[in-house]
Structures are given as structure tokens and as C-alpha cells.
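*Asks:* Give me a model of this one.
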Amino acid sequence: MIVRSLALIIVATLANSGLVSAQQTGSPAPQQDSGPPSQPIRLSEEVVVTASARPERLGDTAATVQVLDREEIQASAATTVTTFLAEHGVAFVGQWSPSQTGMNLRGGATDGQGRDFRSQVVILINGRRAGTANVSKLSLQDLERIEIVRGPGSLLYGTQAIGGVINLITRSGIQGDSQSAELTAGSWGQVDGGGQITARRGKFDVAVSAHGGRRGDYKAGSGAVEPMTNTSYSQRGGLFAAGYTRSASERFALTVRSDGIYNAGFRGSQWDTDNFDNRDNQSVDATYTRSSTNGVSFNGQYYFFRDVDDLHWGTEVLRGGTGLPSPGFDTD
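*Replies:* Numbers count the residues shown, from 1 in each chain. Okay, the predicted model is just below:
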């Protein structure tokens, strides 16, 4: 599926537009002379964009919103978006193969093969449609935060948002300098690694990250002599984000990313051990925002995504109602 969109929007607003990820600091409550307050003083509150499609304080949103920030991502043992969402109870998650994920959120379900147009849960990347409802192919390492809106969001995101909206917000250099690298290993030859660098110099900021991993065939259970053939996979991806903030009211940002899972074994409904698939997703996102003192805002946007499921499925032997074998097919 290949989609291109180009939008120029000029709107009148009474408030300047904000960035995707921001915080608003309030005035601390005065302390009592008699001792510390019984409740902790809240100095700041997160600002989210998914619930209303514009920056809004989390406490002011009418919808049920869950925010998973970078600290929670780094503290998690999850290596994929799928396992991370399941770990935090975001939805009922089912993973049939390393490259296939299905989710159920507030009664809305995603399509078994991740086809965006058949999903009842909308998956966004930086507020734009991801082009897939299969989060297995999307990277966890490139994310700054995740915003989840539970319940129907059809007013903002169309009739497909019956169960809710999951917005994956990628990293940028606007937060300042940071560097990290990680390497994990596990059973069945699993190895995952990645690294990222962000930097901000004057009006310019940049973020670069890359990741990759693999897992071999896993064993069927205790005492198994041979592993389950064709259950291995590999994954890789990366992100580049650059921004130029000319002033507090003017910014240009560009994000280019790619994620994929490859040679993912799939034994198939006929237990054909030759089946495998490659699934990848890429996007380019360029935005220009400018607001003036008279309350007029300008927003220019170019967005492109490419989502491909390359399936190598077949069943050389079919069995009918009698149980007798008949010729099947090699590829799908």
C-alpha cells in the first residue's frame, strides 16, 4: 500500500500551536508553616495531542488517555511494540507468528494481517496513519512516547476508530543531547541491539537511531530433540529526524524512518514448514509551523508512507473431507 498526502492548512486560532511533546509548568502551591502538605505538589502536567488532535493538558481531556513515556520504554524488558503494549495491559494482544499481531481494544479489533483499512483500532505514527495495524513490524527503540486513547474516536479519526487510537511518537533532538546503546540476548539464539544519539545545537536539532535483532527456531517443549522448524525471524530498522527552530513560533521538522521484520517463519494452517514472510513499513514526515502575534497560525505538511507485506505462503499438499492428499500450491 502506498499513500502520499500533501496538506497546507491556514487556520485562525487564539493560541499558538505547540509541539507534539511538551510540558506546561504551573505555579507551585504555597507551603503551610505547620509542615509538609498531605498531598504532593504537582509542578507540571503532561500535554497530549491524540485525544483532541491538538496540544491539551492530560487532566483536561474528555477521553480515557494512557501515556507511556521514554522512561517506561527504557525500563521495560520488551524488545518489540507488541510485547511492550501487552506488558502494560494496553489491549488484548495475540501474536500468531513473529510478524503477525492482532489486538482488541474496547471491543474493536485489528485485522489479522494488519490491513489498515479493515482495522477497528487506528495506529498512528506522529499523529499520521501508520498504514498498518500490525504493530509487530514497528520499532520500540525509535519511540519517545506512546499515547493511547480508549473508546470510540470516530469524530477525529474516522469510523475505523471504534476501539481507540494508538499514537506512536518518535524521537527527536529537541529534548537535548543524549546517547544510549543496548544489547540483549536470550534463549533460542535471540539477540537484539540498538543505539541512538540526539543532539541540539542552537536552532538545530537531530536524532539518529538504528536497531536490529534475530531469533532462531525455538524448541517445542521440555525434552524436545529438534526445534520447531521455521519459527525464526530477523528484524531491523532506523530513524533520522532533523529540526530547525527559527523562533518560539516557527519550526521546520523532518522525520525519515524504516522498520521491518524479515524471514519470519510461518508454519501455516497446513503445517507447511516452508512458509515465511517479510513485512516492512517506511514513512517520511515533513512539517512547517508558524504562528504570529495576531493569532493566525500556518501549518504545512508533507507525509508519505509505504507498507508492504511480502508473503511466501503455500501448501504443497491439501487434504479434503476424506483426508486424502491432493495437489496444493507453492506460493501465495
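*Asks:* all helices of the stretch 151-300 of the chain, in order?
*Replies:* 154-157 (DSSP state H, counting those that start in this stretch).
*Asks:* for it, which spans come out with low pLDDT?
*Replies:* 154, 222, 224, 268-271 (pLDDT under 70).
*Asks:* Equivalent analysis for the stretch 1-150 of the chain, please.
*Replies:* Low-confidence segments of the stretch 1-150 of the chain (pLDDT under 70): 1-45, 51-53, 59-63.
*Asks:* how near is the closest residue to D111 other than its chain neighbours to L311?
*Replies:* The shortest distance from D111 to any non-neighbouring residue, by Cβ to Cβ, 6 or more residues apart in numbering, is to R118 (4.0 Å). Yep, even glycine has a C-beta here, placed from its N, CA and C like the rest. Separation of R118 from L311 (Cβ to Cβ, to the nearest Å): 16 Å.
*Asks:* Please apply the same query to A264.
*Replies:* Distance from A264 to L311, by Cβ to Cβ: 10 Å.
*Asks:* more crowded one of the two?
*Replies:* A264 (25 against 15; other Cβ atoms under 10 Å).
*Asks:* Contact partners for the closest residue to L168 other than its chain neighbours?
*Replies:* The shortest distance from L168 to any non-neighbouring residue, by Cβ to Cβ, 6+ apart, is to I125 (5.1 Å). For I125, the contacting residues are 138, 167-170, 257, 283, 285, 305, by Cβ atoms under 8 Å, 6 or more residues apart in numbering.
*Asks:* and stretch 88-96, C-alpha only, in CSV?
*Replies:* Written as CSV, here are the backbone C-alpha positions of stretch 88-96 (Å, rounded to 0.1, in the frame of the first residue of the first chain):
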residue,chain,number,x,y,z
HIS,A,88,1.3,-2.5,30.1
GLY,A,89,-2.1,-4.0,29.6
VAL,A,90,-3.0,-1.6,26.7
ALA,A,91,-5.1,-4.2,24.9
PHE,A,92,-5.7,-7.9,24.4
VAL,A,93,-2.8,-8.9,22.2
GLY,A,94,-2.4,-12.1,20.2
GLN,A,95,0.7,-12.9,18.2
TRP,A,96,0.3,-15.8,15.8
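*Asks:* What are the buried residues along it?
*Replies:* 90-91, 93, 95 (16 or more other Cβ atoms under 10 Å).
*Asks:* Can you flag which of those residues belong to strands?
*Replies:* Here DSSP state E is the test, and the buried residues of stretch 88-96 give 93, 95 as lying in strands.
*Asks:* coming back round to it: got a winner among the contacts of I125 for most neighbours?
*Replies:* N167 (26 neighbours).
*Asks:* Quick check, that one in contact with Q66.
*Replies:* No: N167 lies out of contact with Q66 (Cβ atoms under 8 Å); the separation is 10.8 Å.
*Asks:* anything in contact with each of the two?
*Replies:* Joint contacts of N167 and Q66 (Cβ under 8 Å, 6+ apart) are 147-148.
*Asks:* which residues does A242 contact?
*Replies:* 173, 204-207, 253-254.
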